[in-house]
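Peer 1: fold the following and give me the result.
(chains A and B)
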Amino acid sequence: MRPDTTELCYLTIGEASGLLSSRKLSPVELTRAFLDRIDRLDGVVQAYITVLGDEAMGEARRAEAEILRGEYKGPLHGIPIALKDLYDTEGVRTTAGSRVMSDRVPTADATTTARLKAAGSILLGKLTMHEFGLGDLDATSGFPMARNPWNLEHTPGGSSSGSGAAVAAGLCMAALGSCTGGSIRGPASHCGIVGLKATYGRISRAGAVPMSWTMDHCGPMTWNVEDTATMLQATAGHDFGDPASSPLPVPDYSKSLVEDVEGLRIGVPRHFFFADDPQINRETLATVETALSALESLGAHVEEVTVPSLQYARAVHAVIMFSEAFAYHRPNLLARPDDFGVGARSQFRVGGLFSSSDYLRAQRVRNVLKGEFARTLEDVDVIVSPTRPQPAPRFDQVEEMTISGLVSFTNPYNLTGLPAISVPCGFTSDGLPVGLQIAGRPYDEPTVLRAAFAYQQHARLFEKRPQI
Amino acid sequence: MVESEGISIEALRVLVERAGMQLTEEELADLLPIYERYVRQTAVLHELDLGMGDLGVTFLPGAVPGHAQDLSR
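Peer 2: Purely as a prediction, here's the structure:
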């Protein structure tokens, strides 16, 4: 039986690509279903800043013709996706969620945009985000705030708020987020989807509006691990446009999708991620403990590890991120400060007050942290923790739970550049998703994906969709 | 240089102007508690004994803009 319109929007990339390649489903029909759903629901979810209705239908017709001619390009051909609104799109406004860039229309695609287009995907539109990629929600930025499809009174997390909300609500089949301190994994955790921050240098950042050059990462957000692997495959690889891009060859990530963690060594830094800290939600920890037990039952070995300098990660991250952000935003902060939201303006201004000594000190402590993780990952294959210390906050709780006030479980991997994924691992008693973070060695996305896939297949949380 | 906790508005103004910004009294007052929070965090980093061996930031004479470097070295 053919899927109905809602079912079409809840297909995974893997399921849809099977139907598209066998010509049982048309990209035109699929894209129309998503545009109709966006039209019906996005007034509530507010995941999109820009919807590219006519353009998407044009791309869908082109994809349909190509497939009918036997020119099928691969698993993203005809797949409707969307991009966080900091990825440059030729001829399409790209705002980075800020009035500062509200009229900016790039003349070229970001490398990731171009690669996803070349793979045959259909761009539905540009997604809501926190201003310039900051973690804090700011109602003064001048842009709509996305809502969490699991409970519209709660935030979807940030900064890739629209990316998380759109994937969870079935308003696109996959999205790109970006991440300087947790902006992919955080919304993925809060929205009950999968989000991957690949190794620093693995995915090009050329054409993505920067915030912090040494910590910015790009990455996919999808409904399941297989789709994340597909998006990673399409976007990974060397790019001269990003000076940090790695020339290392890109493996076939589909080979990582095996349900086998027998003998996998899992390290858990309980001293940090499970600390007796009122900021860390007990229900979240209990959910993650259950997930660790599940991984053990699948044959993995779980052991406690110690990464002493994790306690400094928050300070190191703040100094580096805001110093680098100030360097980028200084001209606009001086010339048109009122075009920034209150939060971004204040945080970026503070970045200008750190001294060179502060910045270099932070980089040196960062190096110590990097060394500690490297030594830990000689003894274990992956490091597992909750993705977020708390479930998604209500909008009226945001003030007290800003990124600067709440311990971060994700920014250590932006500091170290290590690959890290968030995969759903359960729900709180209020029905809010909880994410499991799995991090690995540099460029070892295959092991990270394998652990996430094996857990996902065991937990089968992908079978539950938000009621919206 | 790290400022001590309890920085005055005047001291903050000097830092702000050194960074090229001109802020009103109200803006300075709004910025002060945010800056003080980060100063406290940053001070902890300066108290760590890192020795002299690790320079933290590496200069690569062979790296040329537009030509990617191998970060896996």
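Peer 1: please make it C-alpha for all contacts and neighbour counts, starting now.
Peer 2: Fine.
Peer 1: mind jotting down where the helices sit in the stretch 201-350 of chain A?
Peer 2: A:225-235, A:270-273, A:282-297, A:313-335, A:342-351 (DSSP state H, counting those that start in this stretch).
Peer 1: looking at these, which is closest to residue A:378?
Peer 2: Closest approach to residue A:378 among those (C-alpha to C-alpha): helix A:270-273, 18.1 Å.
Peer 1: residues in contact with that closest one?
Peer 2: Residues outside helix A:270-273 that contact it (C-alpha atoms under 8 Å, 6 or more residues apart in numbering or on different chains) are A:304, A:305, A:306, A:310, A:311, A:385, A:386, A:389, A:409.
Peer 1: for chain B, what is the nearest residue in the stretch 151-300 of chain A?
Peer 2: residue A:243 (4.7 Å; C-alpha to the nearest C-alpha).
Peer 1: the most centrally placed residue in chain A and residue A:203, how far apart?
Peer 2: Among the residues of chain A, the one closest to the centroid is residue A:184, at 2.2 Å (C-alpha atoms, centre = their mean). Distance, residue A:184 to residue A:203, by C-alpha to C-alpha, to the nearest Å: 14 Å.
Peer 1: overlap of the contact sets of these two?
Peer 2: In contact with both residue A:184 and residue A:203: residue A:219, using C-alpha under 8 Å, 6+ apart.
Peer 1: go back to the contacts of helix A:270-273 and keep what's next to chain B.
Peer 2: Counting by C-alpha under 8 Å from any C-alpha of the partner chain, the subset of the contacts of helix A:270-273 that neighbours chain B is empty.
Peer 1: using the three-state scheme, assign residue A:95.
Peer 2: When classified by DSSP: H, G, I helix; E, B strand; the rest coil, residue A:95 comes out as coil.
Peer 1: that one: what's it in contact with?
Peer 2: A:85, A:86, A:101, A:102, A:103, A:104.
Peer 1: top of the residues you listed by neighbour count?
Peer 2: Neighbour counts for the contacts of residue A:95, by other C-alpha atoms under 10 Å in any protein chain shown, peak at residue A:85, which reaches 34 neighbours.
Peer 1: thinking again about what came up before, could I get the helices of the stretch 201-350 of chain A as CSV with mean pLDDT and mean neighbour count?
Peer 2: Formatted as CSV, the helices of the stretch 201-350 of chain A follow (pLDDT from 0 to 100; neighbours: other C-alpha atoms under 10 Å in any protein chain shown):
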stretch, mean pLDDT, mean neighbour count
helix A:225-235, 98, 23
helix A:270-273, 97, 18
helix A:282-297, 98, 18
helix A:313-335, 97, 21
helix A:342-351, 95, 22
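Peer 1: export those to TSV and tack on distance to residue B:36?
Peer 2: Listed next are those as TSV, based on distance: least, C-alpha to C-alpha, whole Å:
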stretch	distance to residue B:36
helix A:225-235	40
helix A:270-273	25
helix A:282-297	30
helix A:313-335	13
helix A:342-351	10
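Peer 1: relative to residue A:139, which of the ones you listed is closest?
Peer 2: Using C-alpha to C-alpha, the nearest of the helices of the stretch 201-350 of chain A to residue A:139 is helix A:342-351, at 8.7 Å.
Peer 1: quick one: name whatever helix or strand follows the closest one.
Peer 2: Scanning forward in sequence from helix A:342-351 by DSSP states H and E, the next helix or strand is helix A:356-379.
Peer 1: does any part of that next one sit near chain B?
Peer 2: Yes - Helix A:356-379 is in contact with chain B by C-alpha under 8 Å from any C-alpha, via A:356, A:357, A:358, A:360, A:361, A:362, A:363, A:364, A:365, A:366, A:367.
Peer 1: what angle sits between that helix and helix A:342-351?
Peer 2: Helix A:356-379 runs at 100 degrees relative to helix A:342-351, counting by axes from the mean of the first three to the mean of the last three C-alpha atoms, to 10 degrees.
Peer 1: show me where pLDDT drops low in the chain?
Peer 2: All of this refers to chain A. Along chain A, the model assigns pLDDT under 70 to residues A:1-3, A:399-405.
Peer 1: not quite, go with chain B.
Peer 2: Ranges of chain B meeting pLDDT under 70: B:1-5, B:53-60, B:62-73.
Peer 1: what's the end-to-end length of stretch A:80-94?
Peer 2: Taking C-alpha to C-alpha, the first and last residues of stretch A:80-94 lie 19 Å apart.
Peer 1: could you do stretch A:76-92 as well?
Peer 2: This stretch, stretch A:76-92, spans 21 Å end to end (C-alpha to C-alpha).
Peer 1: okay, buried residues for that stretch please.
Peer 2: A:76-89, A:92 (16 or more other C-alpha atoms under 10 Å in any protein chain shown).
Peer 1: who's in contact with the one helix or strand residue A:57 maps to?
Peer 2: Assigned by DSSP H and E, residue A:57 belongs to helix A:53-68. Residues outside helix A:53-68 that contact it (C-alpha under 8 Å, 6+ apart): A:20-21, A:23, A:26-28, A:31-32, A:35, A:72, A:77-78, A:120, A:122-125.
Peer 1: now intersect the residues you listed with the helices, please.
Peer 2: A:20, A:21, A:27, A:28, A:31, A:32, A:35 (DSSP state H).
Peer 1: how close does residue A:394 sit to residue A:45?
Peer 2: For residue A:394, the distance to residue A:45 - C-alpha to C-alpha - is 14 Å.
Peer 1: those two - which one has more neighbours?
Peer 2: Counted by other C-alpha under 10 Å, residue A:394 and residue A:45 do not tie: residue A:45 has more neighbours, with 23 against 17.
Peer 1: ok, the more buried one - contacts?
Peer 2: Going by C-alpha under 8 Å, 6+ apart, residue A:45 touches A:146, A:147, A:148, A:149, A:152, A:165, A:166, A:169.
Peer 1: the same query, at a cut-off of 10 Å, please.
Peer 2: Residues in contact with residue A:45 (C-alpha atoms under 10 Å, 6 or more residues apart in numbering or on different chains) are A:38, A:144-149, A:152, A:156, A:162, A:165-166, A:169, A:171, A:468.
Peer 1: hang on, isn't residue A:360 packed against residue A:324?
Peer 2: No - Residue A:360 lies out of contact with residue A:324 (C-alpha atoms under 10 Å); the separation is 11.9 Å.
Peer 1: which bits of the stretch 101-250 of chain A sit near chain B?
Peer 2: Within the stretch 101-250 of chain A, the residues that sit near chain B (C-alpha under 10 Å from any C-alpha of the partner chain) are A:200-202, A:238-248.
Peer 1: so which residues of chain A form strands?
Peer 2: A:48-51, A:80-84, A:122-127, A:174-179, A:194-197, A:217-222, A:265-268, A:301-304, A:382-386, A:420-427, A:433-440 (DSSP state E).
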